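*Asks:* How does the following fold in three dimensions:
(one chain, ligands or ions: 1)
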Amino acid sequence: EKGEYRHYMLKEIFEQPVALQRTLEGRLGSVADLDGLFSKNADLLERVRFIQIIACGTSYHAGMIARYWLEALAGVPCQVEVASEFRYRTHVVPEGTLFVTISQSGETADTLAALRATNSPNYVGRLAVCNVDSSSLVRESELVLLTRAGPEIGVASTKAFTTQLAALKMLVLAMARVRGVDEATIQAQLDELRQLPGLIQQVLLLDDEIEKLAEQFVEKNHTLFLGRGTQYPVAMEGALKLKEISYIHAEAYPAGELKHGPLALVDKEMPVVAVAPNDELLEKLKSNLQEVRARGGELFIFADGDAALENEDGMTVLNMPAVPECLIPIVYTVPLQLLSYHVAVMRGTDVDQPRNLAKSVTVE
Ligand code: F6R
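*Replies:* The predicted structure is shown next:
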């Protein structure tokens, strides 16, 4: 039930601290064994040389973030592709490939079809990262990592996404251990993961401020979302949320690609949303933001307090709490969910049941 909340989507956004707590519970011990996934399948997981992630929509964005983590932390090469493309193209399966599907429902037709077509002997196993225990995807995969977000009713995926990221982060850490990454690095990140529910709680306190910000999007027809590194998929997710529930055209770009085309679109009629945590790409991002300002673009920046970005003409900054690097994409997704939600409510759309969309896409 929605209870005190006006929409399921809002309820599910606010449930994220609890949902994340459930996802992490019992899985952060020094072993990070993930419900026996690693102890029971030690041989199999040691043979992994390559990871192929397949998903659709929001779950695909989770996969894109996992790829940055996997290669940077566990040193495992990884590719991510939307299921509807992967399943219909002739592709090479490198030896020692772990096939990973990510899905809230576990019933997405294209994702399931891609799983069912994994007949190359080069696959060492099939792992489903899924929110529904009784789903087809879970039943048909020999390895399973449940996200435990609880039922998600709103068509726009929110808590399913952040719990997917938490689950994937644990998977990456466990994989890093198998690959011999030093224990101190892994423990430090496990400690940071423990702060996640509390950090999300802090971001939820920004709701009123974000609602105010939303007013400036209501009359617009186009928006651009920018990010770099793991914030590029976060920007994609922000753009997807906005377009699906508010029907405002939204596009995401890796900030470094601006000058290769999209900069031509920038004027004061197109708000540009940027995600600016305090990471090693901040300075690069800032110079991209200057490019937008110099062309009269209206910037809305979710920034770390230490990023030294302040409100100025043409630039509205919303300060975020300090976030450990390993949690940045998870935490910075939340203000974008709230932004889309409020814009949609102000535009009077059917937030929980956007036109033309279904919660579970069981046809291709
Ligand atoms: C967007 C959204 C969709 C789903 C996609 C995959 O908010 O909800 O893009 O993420 O249809 O669904 P699952 O994760 O159930 O496979």
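
*Asks:* Show me what whichever strand or helix holds residue 175 is packed up against.
*Replies:* Taking DSSP states H and E as the criterion, the element that holds residue 175 is helix 159-178. Using 3 or more CB pairs under 8 Å, 6 or more residues apart in numbering; DSSP states H and E as the contact criterion, the secondary-structure elements in contact with helix 159-178 are helix 16-24, helix 37-40, helix 42-46, helix 57-69, strand 123-130, strand 143-146, helix 183-194, helix 328-347. The C-beta positions use only the backbone N, C-alpha and C, and glycine is treated the same way.

*Asks:* quick check: mean pLDDT across that helix?
*Replies:* Predicted confidence along helix 159-178 averages 95 (mean pLDDT).

*Asks:* what's the closest of the helices and strands packed on helix 159-178 to the ligand?
*Replies:* Using CB to the nearest ligand atom as the criterion, the shortest distance between the ligand and the helices and strands packed on helix 159-178 is 1.9 Å, found for helix 57-69.

*Asks:* quick check: mean pLDDT across the closest one?
*Replies:* Mean per-residue pLDDT for helix 57-69: 98.

*Asks:* Contact residues of the chain facing the ligand?
*Replies:* The chain has residues 56-59, 103-105, 108, 111, 156-157, 240, 244, 360-361 near the ligand, with proximity defined as CB under 6 Å from any ligand atom.

*Asks:* Which members of those occur in helices, if any?
*Replies:* Within those, residues falling in helices by DSSP state H are 57-59, 111, 240, 244.

*Asks:* can you name the two of those residues that are farthest apart?
*Replies:* Farthest pair in those (CB to CB) is 111 and 244. Separation: 18.2 Å.

*Asks:* Neighbour count for those two, which is higher?
*Replies:* More neighbours sit around residue 111 than around the other of residue 111 and residue 244, counting by other CB atoms under 10 Å; the figures are 30 against 22.

*Asks:* Chain neighbours aside, what residue packs nearest to residue 266?
*Replies:* What sits nearest to residue 266 in space, not counting adjacent residues and going by CB to CB, 6 or more residues apart in numbering, is residue 297, at 4.1 Å.

*Asks:* Enumerate every residue touching that neighbour.
*Replies:* Residue 297 makes contacts with 266-268, 270-272, 314, as judged by CB atoms under 8 Å, 6 or more residues apart in numbering.

*Asks:* any low-confidence regions in the protein?
*Replies:* Low-confidence regions of the chain, defined by pLDDT under 70, span residues 30-32.

*Asks:* Distance of residue 359 relative to residue 78?
*Replies:* Taking CB to CB, to the nearest Å as the measure, residue 359 falls 28 Å from residue 78.

*Asks:* the more surrounded of the two?
*Replies:* In this view residue 359 and residue 78 are compared by other CB under 10 Å, and residue 78 has more residues nearby, 20 against 16.

*Asks:* ok, residue 318 to the ligand distance?
*Replies:* 22 Å (CB to the nearest ligand atom, to the nearest Å).

*Asks:* beta partners of the residue lying closest to that residue once chain neighbours are set aside?
*Replies:* In space, and not counting its chain neighbours, residue 318 is closest to residue 302: 5.3 Å by CB to CB, 6+ apart. Using DSSP bridges, the bridge partners assigned to residue 302 are residue 275, residue 318.

*Asks:* Against residue 49, how distant is residue 302?
*Replies:* Separation of residue 302 from residue 49 (CB to CB): 37 Å.

*Asks:* which one is the residue nearest in space to the middle of the chain nearest to, not counting chain neighbours?
*Replies:* The centroid of the chain falls nearest to residue 62 when counting by CA atoms, centre = their mean (4.0 Å). With CB to CB, 6+ apart as the criterion, residue 62 has its nearest non-adjacent residue at 4.0 Å, and that residue is residue 164.

*Asks:* that's a helix at residue 300, yeah?
*Replies:* No: the secondary structure assignment for residue 300 gives strand rather than a helix, going by DSSP: H, G, I helix; E, B strand; the rest coil.

*Asks:* Report how many residues lie close to it.
*Replies:* The tally of other residues near residue 300 (other CB under 10 Å) stands at 20.

*Asks:* got it, and residue 257?
*Replies:* The criterion is other CB under 10 Å. On that basis, residue 257 has 14 neighbouring residues.

*Asks:* again, but for residue 219
*Replies:* Taking other CB under 10 Å as the neighbour definition, residue 219 ends up with a count of 10.

*Asks:* now it: how far from the ligand?
*Replies:* Taking CB to the nearest ligand atom as the criterion, residue 219 is separated from the ligand by 24 Å.

*Asks:* and what of residue 95?
*Replies:* Computed as CB to the nearest ligand atom, the residue 95 to the ligand distance reads 28 Å.

*Asks:* Isn't that residue up against residue 122?
*Replies:* Yes: here residue 95 reaches residue 122: they are 4.8 Å apart, a contact under CB atoms under 8 Å.

*Asks:* check contacts around residue 159.
*Replies:* Neighbours of residue 159 in contact, by CB under 8 Å, 6+ apart: 12-13, 15-16, 19, 149-150, 152.

*Asks:* try 6 Å
*Replies:* Applying CB atoms under 6 Å, 6 or more residues apart in numbering, we find residue 159 in contact with 12, 15-16, 19, 149.

*Asks:* Nearest to residue 91, out of those: which one, please.
*Replies:* Distances from residue 91 to these, taken by CB to CB, are shortest for residue 149, at 30.3 Å.

*Asks:* That closest one belongs to a strand, doesn't it?
*Replies:* No: when three-state DSSP is applied, residue 149 is found to be coil, with no strand at that position.

*Asks:* Surely it touches residue 17?
*Replies:* No: counting by CB atoms under 6 Å, residue 149 does not reach residue 17; the two are 11.8 Å apart.

*Asks:* Which one's more surrounded, the two?
*Replies:* For the pair residue 149 and residue 17, the greater number of neighbours falls to residue 149 (27 against 20), based on other CB under 10 Å.
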